[in-house]
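Novice: based on what follows, work out the 3D shape:
(one chain, ligands or ions: 1)
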Amino acid sequence: MKYNFTESACRKDTNAEKYRLRKELFGTEDVLPVWVADMDIDTPDFVLNAVKKRLEHPIVGYEEFPKSAFESQIEWMKNEHGIEFELEDMLYSHSVVASMSLAIEAFSKAGDKVIVQTPVYPPFFHSVMEHDRELLKNPLKQNADGKYVFDIEDLKSKIDDKTKLLLLCSPHNPVGRVWSQGELEEILQVCLKHNIVVFSDEIHSDLAYSPNKHIPFASLSPDARDITVTAIGVGKTFNMAGFAMSSVAIPNKELREKFLKSYKRVHFAQGSVLSHAAFESAYKNGKEWLEDLKSHLWNNYQMLLEVCEKYGDKIKVTPIEATYLAWLDCRGMGINNRELRKFFIEEAMLGLNAGLSFGREGDGFMRLNFALSTQKMLEVIKRLDKALSLKYHK
Ligand SMILES: Cc1ncc(COP(=O)(O)O)c(C=O)c1O
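Specialist: Numbers count the residues shown, from 1 in each chain. Predicted coordinates:
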């Protein structure tokens, strides 16, 4: 491997959300934070250097989003995910969640229904409710082997004339699925039949582990392309969420114009000039770094599997196909959610996300972010192992 992820910079005394809010959320600063979905891994040099270079020019005024930046993203999407977007399809957005809100506003009205497949990243359902739309919950099902799948029959039985939009999380946070072609096509058929627009949040698309291959929803067919708003970001892939930079691809002109109405109303403008430079450099130079990063993340995941397997069925790690977020099924521990939280904070001294924050289906689960340098990961494993061994006398 060319890149080395053994150590990473200390973020303790910075404003890093995951560190700064420890006391507020966990009641102590002693926990190692493994909650917010960013990485305790240094942002790559080719991103930081591009920003430094931009600052060599002494004026940081208004700047148009560079065409070359979108071109680098379009090229990346073609090479990595086999989808071809045009320049005119692309819009800047500072955040995927903000794009989701704009899509809700653009493609539905108060009282309409928006489909959300729980358990899911909380802003999916918060955004729907904050816009006074009705949440149409189509929970994922779990197979006997623990694999999460869509519940198409449930979806079909709940859709009515008021259902306007489906918020797809692909790959899925927190269950780590990379949806297969067949699964996505089933969703597509339902949406086409009922004129439902699909907002496909593909922010984790670059983090699929081989042999799993992310399939952009819009790439399924020309019909799919026509009903899809794809949200993509560099934030997760290259650990640069702090640049607040993502994009939206809307090939269908009619949908794009509807979306633009909401977009212009909030004056999204062009974003930050430093993000422009960072974004372009990430896509132009990031391929090798990303491959090395994924090998590293996979090793971390194996370490986590190993320590959990040592204690039998107490904590089952949901098999992961993408993302650096492990969805831990802790129901085998036989304790309630309050006790579970207490176990992780007070005994393991780790700050995880509570499963319930992803919806009712997260009862008995916790989410652990394993995107850490090897050093930090070893500390997480040590703490978890010690707490489990004390509890189960192993
Ligand atoms: C599925 C998903 N979408 C969106 C986001 C946030 O994206 P942004 O910071 O661009 O709003 C996250 C962050 O964890 C996420 O997991």
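Novice: helices of the stretch 1-150 of the chain, residue ranges please.
Specialist: Ranges of helices in the stretch 1-150 of the chain, per DSSP state H, counting those that start in this stretch, are 17-20, 22-26, 45-54, 67-81, 96-107, 123-130.
Novice: nearest to Val229, of these?
Specialist: Comparison of the helices of the stretch 1-150 of the chain against Val229 by C-beta to C-beta identifies helix 96-107 as nearest, at 5.3 Å. (Each C-beta comes from the backbone N, C-alpha and C, glycine too.)
Novice: what about that closest one, distance to the chain center?
Specialist: Distance of helix 96-107 from the chain centroid (C-alpha atoms, centre = their mean, to the nearest Å) equals 16 Å.
Novice: re the thing from before, just say which of the helices of the stretch 1-150 of the chain is most tucked in.
Specialist: Using mean count of other C-beta atoms under 10 Å, the stretch among these with the largest mean neighbour count is helix 96-107, at a mean of 23.
Novice: on that earlier part again, and the helices of the stretch 1-150 of the chain as JSON lines, adding mean pLDDT and distance to the ligand?
Specialist: Formatted as JSON lines, the helices of the stretch 1-150 of the chain follow (pLDDT from 0 to 100; distance: least, C-beta to the nearest ligand atom, whole Å):
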{"stretch": "helix 17-20", "mean pLDDT": "96", "distance to the ligand": "11"}
{"stretch": "helix 22-26", "mean pLDDT": "96", "distance to the ligand": "16"}
{"stretch": "helix 45-54", "mean pLDDT": "98", "distance to the ligand": "16"}
{"stretch": "helix 67-81", "mean pLDDT": "97", "distance to the ligand": "14"}
{"stretch": "helix 96-107", "mean pLDDT": "97", "distance to the ligand": "4"}
{"stretch": "helix 123-130", "mean pLDDT": "96", "distance to the ligand": "7"}
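Novice: do you know which of those lies nearest Asn353?
Specialist: Within these, the stretch nearest Asn353 is helix 22-26; the backing value is 9.6 Å (C-beta to C-beta).
Novice: which other residues reach the closest one?
Specialist: Outside helix 22-26, the residues that touch it by C-beta atoms under 8 Å, 6 or more residues apart in numbering are Thr28, Glu29, Val31, Pro33, Trp35, Ile345, Gly351.
Novice: from those, which is closest to the ligand?
Specialist: For the ligand, the nearest member of the contacts of helix 22-26 is Trp35. The distance, counting by C-beta to the nearest ligand atom, is 10.2 Å.
Novice: what separates the lengthiest helix in the chain from the chain centre, distance-wise?
Specialist: Ordering each helix of the chain by length in residues (DSSP state H) puts helix 287-309 first. Taking the mean C-alpha point of helix 287-309 and that of its whole chain, the gap between them comes to 17 Å (C-alpha atoms, centre = their mean).
Novice: show me which residues of that helix are buried.
Specialist: Counting neighbours by 16 or more other C-beta atoms under 10 Å, one finds that the buried residues in helix 287-309 are 289-290, 292-294, 296-297, 300-301, 303-304, 307-308.
Novice: for it, packing partners?
Specialist: Contacts of helix 287-309 with other secondary structure elements, assessed using 3 or more C-beta pairs under 8 Å, 6 or more residues apart in numbering; DSSP states H and E, are made with strand 316-317, strand 325-329, helix 374-392.
Novice: quick one, which of those gets closest to the ligand.
Specialist: Short answer: strand 325-329, nearest of these by C-beta to the nearest ligand atom, at 7.5 Å.
Novice: and for Glu86, nearest residue in space, chain neighbours not counted?
Specialist: Taking C-beta to C-beta, 6 or more residues apart in numbering, and ignoring the residues beside it in sequence, Glu86 has Pro251 as its nearest neighbour in space, at 7.0 Å.
Novice: for Leu388, same thing?
Specialist: For Leu388, the nearest residue in space outside its immediate sequence neighbours is Tyr311; the separation is 4.9 Å by C-beta to C-beta, 6+ apart.
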